[in-house]
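Visitor: here you go, sequence then predicted model.
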Amino acid sequence: MSQRMAAGARPRLLLIGSNGQVGWELRRTLACLGDVVAASLEGECGPVIDLMNADSLARLVKDTEPDAIINAAAYTAVDKAEKDLETARRINADALGELGALAAQSGVPVIHYSTDFVFSGTLGRAYTENDTPDPLNVYGETKLGGERALLESGAKALIFRTSWVYGARGANFLLTMRRLFQEREELRVVDDQIGSPTWSRMLAEVTAQVLYRVMRGDLDLDQVGGLYHLTGSGEVSWYGFARAILEASGSPAKLIPIPSSEYQAPAKRPMFSVLNNRRFQETFGLSMPDWRVSLADCLEELKC
Ligand SMILES: NC(=O)c1ccc[n+]([C@@H]2O[C@H](COP(=O)([O-])OP(=O)(O)OC[C@H]3O[C@@H](n4cnc5c(N)ncnc54)[C@H](OP(=O)(O)O)[C@@H]3O)[C@@H](O)[C@H]2O)c1
């Protein structure tokens, strides 16, 4: 515990990537746990941080003197990453080693997010944390590099592997579908890739609950630190997800299921990347709602 916290002050929580879909939710949710320093690339609501630049990160951590660091920043442009390996590796992998080293020096806990795309999707059952990663694309490869760099840094860290993140803000499947339902009469959506949609709000809520216990000293990251799968419950194809969004929207647009072979994209995607959340549930006593429940809640919010 820092001197500041020992003196009764609120913890200072350094949130990196505070303007992304998960980061934006975390900015609100973490506010009841402590003073959130909301760092982002553009510096909209706090200090500027560019993970491309190791000095920028070191300066931020030194100036902030955080009690915990939550990293929601990443290079998430999956297709673009195929031709931009160096940038993706710098942000998703190298920066995590640097962040881990800084956190280890000061004994500060780190929470970080990774992805189902560390897996190829060929296993035929939900992946556990013990399954060997075998990414199909540059994004997955660099995110895996980040997991390893953080775990090897000696920092007290929690890494939550999540999947198919959507929410009321940011670039995501839900908002894209809603826009396309307005613009087009007919839409073709891949029906043979299966995963678990995860609402960014739920991810932020669960993160806050776990972090609360870490900050109180109820959870010792020397015991429970490491990798966890954390996604919405249940599974569905992109087509099935689109269908649920369409039904709720009342749009007359027509949806047509197609195989992945008919959807050309630069990056290969896993066919079945459902993540088994049991380790997370057993360790923290928390679980995410079924994806349909979260989708309904998120759509309700979009009506406002
Ligand atoms: N989205 C998904 O479906 C999904 C699935 C599995 C795992 N994840 C993981 O979940 C976490 C959160 O993802 P998300 O969906 O919230 O992503 P997001 O909306 O794309 O947000 C990522 C944030 O990172 C920031 N960023 C990019 N380059 C940066 C740099 N050089 N320095 C500092 N910040 C930088 C972006 O800034 P700008 O806004 O200025 O570009 C953006 O705000 C990530 O670790 C991601 O890999 C996401």
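Guide: Received, thanks. Residues are numbered from 1 along each chain as shown.
Visitor: what separates the residue of the stretch 201-304 of the chain found nearest the ligand from Q223, distance-wise?
Guide: In the stretch 201-304 of the chain, no residue comes nearer to the ligand than L203, which is 7.7 Å away by Cβ to the nearest ligand atom. In this view, the C-beta of every residue, glycine as well, is placed from N, C-alpha and C. Counting by Cβ to Cβ, to the nearest Å, the gap from L203 to Q223 is 23 Å.
Visitor: try G46
Guide: From G46 across to Q223, the span is 32 Å (Cβ to Cβ).
Visitor: do the same with T176
Guide: Separation of T176 from Q223 (Cβ to Cβ): 41 Å.
Visitor: what sits against A157?
Guide: With contact taken as Cβ atoms under 8 Å, 6 or more residues apart in numbering, A157 is in contact with G100, A103, P109, V110, I111, H112, L150, L151, L221, G225, G226.
Visitor: swap in 7 Å and give it another go.
Guide: Counting by Cβ atoms under 7 Å, 6 or more residues apart in numbering, A157 touches G100, V110, H112, L150, L151, G225.
Visitor: name the residues linked to the second one by a beta bridge.
Guide: Here V110 shows beta-bridge partners I69, A157, assigned using DSSP bridges.
Visitor: in the lengthiest helix in the chain, what counts as buried?
Guide: Of all the segments assigned as helix in the chain under DSSP state H, the longest by residue count is helix 200-216. Within helix 200-216, the residues that qualify as buried by neighbour count (16 or more other Cβ atoms under 10 Å) are 200-208, 210-212, 214-215.
Visitor: cool, and stretch 265-280?
Guide: For stretch 265-280, the buried set under the neighbour-count rule, 16+ other Cβ under 10 Å, comprises 267-277, 279-280.
Visitor: residues touching that stretch, excluding its own?
Guide: With Cβ under 7 Å, 6+ apart as the criterion, stretch 265-280 contacts 78-79, 81-82, 116-117, 119-122, 124, 126-129, 136-139, 161, 163, 192-196, 228-231, 235, 287-288.
Visitor: and that stretch, end to end?
Guide: According to Cα to Cα, to the nearest Å, stretch 265-280 extends 33 Å from its N-terminal end residue to its C-terminal end residue.
Visitor: start and end of stretch 177-190, how far apart?
Guide: 13 Å.
Visitor: pLDDT on the helix or strand where G240 lies, on average?
Guide: With the criterion set as DSSP states H and E, the secondary-structure element containing G240 is helix 238-249. On average, the pLDDT along helix 238-249 is 94.
Visitor: now stretch 17-27
Guide: Taken as a whole, stretch 17-27 has an average pLDDT of 96.
Visitor: looking at it, E205 is touching T29, isn't it?
Guide: Yes. With contacts defined as Cβ atoms under 7 Å, E205 counts as touching T29 at a distance of 5.8 Å.
Visitor: ok, the closest residue to the ligand within the chain to G34 distance?
Guide: Using Cβ to the nearest ligand atom, G20 is the residue of the chain that sits closest to the ligand, at 2.1 Å. Remark: distance between G20 and G34 (Cβ to Cβ) = 20 Å.
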